[in-house]
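1. Please find the sequence and the predicted model below.
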Amino acid sequence: MNLKDKIRVISDFPEPGIRFKDITTLLQDGAAFRSAIDQMAAFARQQNADLIAGPEARGFVLAAPVAYSMGVGFIPIRKSGKLPGETVSVSYQLEYGKDKLEIHRDAIQPGQRVVIADDLLATGGTVSSTIKLVEELGGIVAGLAFMIELTYLSGREKLKNYEVFSLVQY
Ligand SMILES: O=P(O)(O)OC[C@H]1O[C@H](OP(=O)(O)OP(=O)(O)O)[C@H](O)[C@@H]1O
Ligand SMILES: Nc1ncnc2[nH]cnc12
């Protein structure tokens, strides 16, 4: 199955100059969605993940089924002010805009192996912030799994110390 054919590219969203990779067209195709999750879960299994962490919102759509498929826990990484318990937070820059991410302080036990899963690697800002949060809690980042990698933004260069897996590249 060619997953790239299932992804829709929309020009000038959410602002002029951005070529937005729309995964909703892939998600609505059951076989494509399953194939993407199976391949990301195979990577996470290889990395011996104890937990899968995913950043809101599109990261949830992939990280939670990967965790379910492996029978391990899912850790939500949320935008500012959404998590009810005690949190650790970090600010970050996006391909467009700026935001703050948070994790529950008790979400990870020191030494647990965490794979971070998200739909897309662009500048690497979101995943770098997520790495910081996981490591601040004493977690070991065992790998980074993406459905899409925008190689022209060189996010991977920020992630040299980590195992990076992506299914589709632009
Ligand atoms: O590598 P980066 O430059 O950080 O960009 C990638 C991130 O941007 C998108 O999320 P976005 O913040 O737009 O939020 P959403 O999932 O709520 O749409 C995407 O889902 C990734 O998490
Ligand atoms: N070009 C892009 N398409 C979809 N999601 C993104 N997140 C950051 N850059 C993106």
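-> Nice, I can see it. Ligands and ions are numbered 1, 2, ... in the order given.
2. Can you give the contact residues for the helix or strand that contains residue 33?
-> Per DSSP states H and E: residue 33 is located in helix 30-46. Here helix 30-46 makes contact (CB atoms under 8 Å, 6 or more residues apart in numbering) with 1, 3, 6, 26-27, 52, 62, 65-66, 69-70, 115, 117, 142-143, 145, 147, 165, 167. For the C-beta atoms, the positions are set from N, CA and C on the backbone; glycine is no exception.
3. what about dumping the CA coordinates of that helix to CSV?
-> What follows is helix 30-46, C-alpha atoms only, in CSV (Å, rounded to 0.1, in the frame of the first residue of the first chain):
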residue,chain,number,x,y,z
GLY,A,30,-9.4,1.8,7.2
ALA,A,31,-6.7,-0.3,5.5
ALA,A,32,-4.3,2.7,5.2
PHE,A,33,-4.8,3.7,8.9
ARG,A,34,-4.2,0.1,10.0
SER,A,35,-1.1,-0.2,7.9
ALA,A,36,0.3,3.0,9.3
ILE,A,37,-0.4,2.0,12.9
ASP,A,38,1.0,-1.5,12.4
GLN,A,39,4.3,-0.2,10.9
MET,A,40,4.7,2.4,13.7
ALA,A,41,3.9,-0.2,16.3
ALA,A,42,6.5,-2.6,14.8
PHE,A,43,9.1,0.1,15.2
ALA,A,44,8.1,0.8,18.8
ARG,A,45,8.2,-2.9,19.6
GLN,A,46,11.7,-3.1,18.1
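4. Go through it and flag the buried ones.
-> Of the residues in helix 30-46, those buried by neighbour count under the rule 16 or more other CB atoms under 10 Å are 32, 33, 35, 36, 37, 39, 40, 41, 43, 44.
5. low pLDDT regions in the chain?
-> Where the chain drops to pLDDT under 70, the residues are 95-97.
6. How about the residues of it by ligand 2?
-> By CB under 6 Å from any ligand atom, the residues of the chain that approach ligand 2 are 18, 19, 20, 21, 95, 120, 122.
7. pretty sure residue 126 belongs to a helix, no?
-> Yes - the assignment for residue 126 is a helix, going by DSSP: H, G, I helix; E, B strand; the rest coil.
8. how many other residues sit next to it?
-> Neighbour count of residue 126, defined by other CB atoms under 10 Å: 25.
9. The residue sitting nearest the centre point of the chain and residue 8, how far apart?
-> Per CA atoms, centre = their mean, the C-alpha nearest to the average position across the chain is that of residue 118, at 1.9 Å. As for residue 118, its distance to residue 8 is 18 Å (criterion: CB to CB, to the nearest Å).
10. Give me the secondary structure label for residue 142.
-> At residue 142 the chain is in strand, as set by three-state DSSP.
11. Kind regards, and thank you for your time.
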